[in-house]
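Novice: I'll drop the sequence and a predicted model, then ask my questions.
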Amino acid sequence: MPKLPKTRTQDSNFLILDERNYSPELLLQTLDQDCRKMTDEQKKVYDEILSAVDDGIGGMFFLDGFGGTGKTFLWKLLSATIRSR
Ligand SMILES: Nc1ncnc2c1ncn2[C@@H]1O[C@H](COP(=O)(O)OP(=O)(O)OP(=O)(O)O)[C@@H](O)[C@H]1O
């Protein structure tokens, strides 16, 4: 099994550090701009997933849809919401 690349300090790997290297201010800006643009369907999914997070229920969600219908857009809003807290 291949090992994940290590950082210089050997305590984590750079892929995780890269994921954690975000600006909460920029995330808030994204939320401010894009939350109101969600379609009704996107908002329904957004609310359902955030409820599972907020209530500590967790779960697995499979989001399916044609190309360009906003799956990544929704994922970015969900991650921005959670990370900006
Ligand atoms: N509700 C929305 N309001 C404004 N723009 C949106 C909305 N939903 C999606 N978009 C925009 O539409 C484009 C396509 O969306 P996105 O990349 O999220 O689709 P996708 O479902 O992930 O596509 P693919 O399956 O091809 O990766 C992007 O530029 C995105 O910002």
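Specialist: That came in fine, so what should we check first? Numbers count the residues shown, from 1 in each chain.
Novice: quick one: buried residues of the lengthiest helix in the chain?
Specialist: Ranked by residue count and defined by DSSP state H, the top helix of the chain is helix 40-54. By 16 or more other CB atoms under 10 Å, the buried positions in helix 40-54 come out as 42, 45, 46, 49. Every C-beta, even on glycine, is put in place using the N, C-alpha and C of the backbone.
Novice: and it, what's its mean pLDDT?
Specialist: Throughout helix 40-54, pLDDT has a mean value of 96.
Novice: Equivalent analysis for stretch 20-33, please.
Specialist: 91.
Novice: How about that stretch, which residues are buried there?
Specialist: Those would be 27, 30, 31, for stretch 20-33 by 16+ other CB under 10 Å.
Novice: Which of those lies at the shortest distance from the ligand?
Specialist: residue 30 (10.6 Å; CB to the nearest ligand atom).
Novice: Next up, the contacts around the closest residue to the closest one other than its chain neighbours.
Specialist: Nearest residue to residue 30, sequence neighbours excluded (CB to CB, 6 or more residues apart in numbering): residue 80, at 4.9 Å. Residue 80 makes contact with 27, 28, 30, 31, according to CB atoms under 8 Å, 6 or more residues apart in numbering.
Novice: you'd agree residue 58 is up against residue 52?
Specialist: Yes: assessed by CB atoms under 8 Å, residue 58 is found in contact with residue 52 at 6.0 Å.
Novice: rewinding a little: SS state for the residue nearest to residue 30?
Specialist: helix (DSSP: H, G, I helix; E, B strand; the rest coil).
Novice: For the ligand, see how far away it is.
Specialist: 13 Å (CB to the nearest ligand atom, to the nearest Å).
Novice: Which of the helices or strands spans the spatially closest residue to residue 84 that is not a sequence neighbour?
Specialist: Closest residue to residue 84 apart from its sequence neighbours, by CB to CB, 6+ apart: residue 27 at 4.2 Å. Here residue 27, judged by DSSP states H and E, is contained in helix 24-34.
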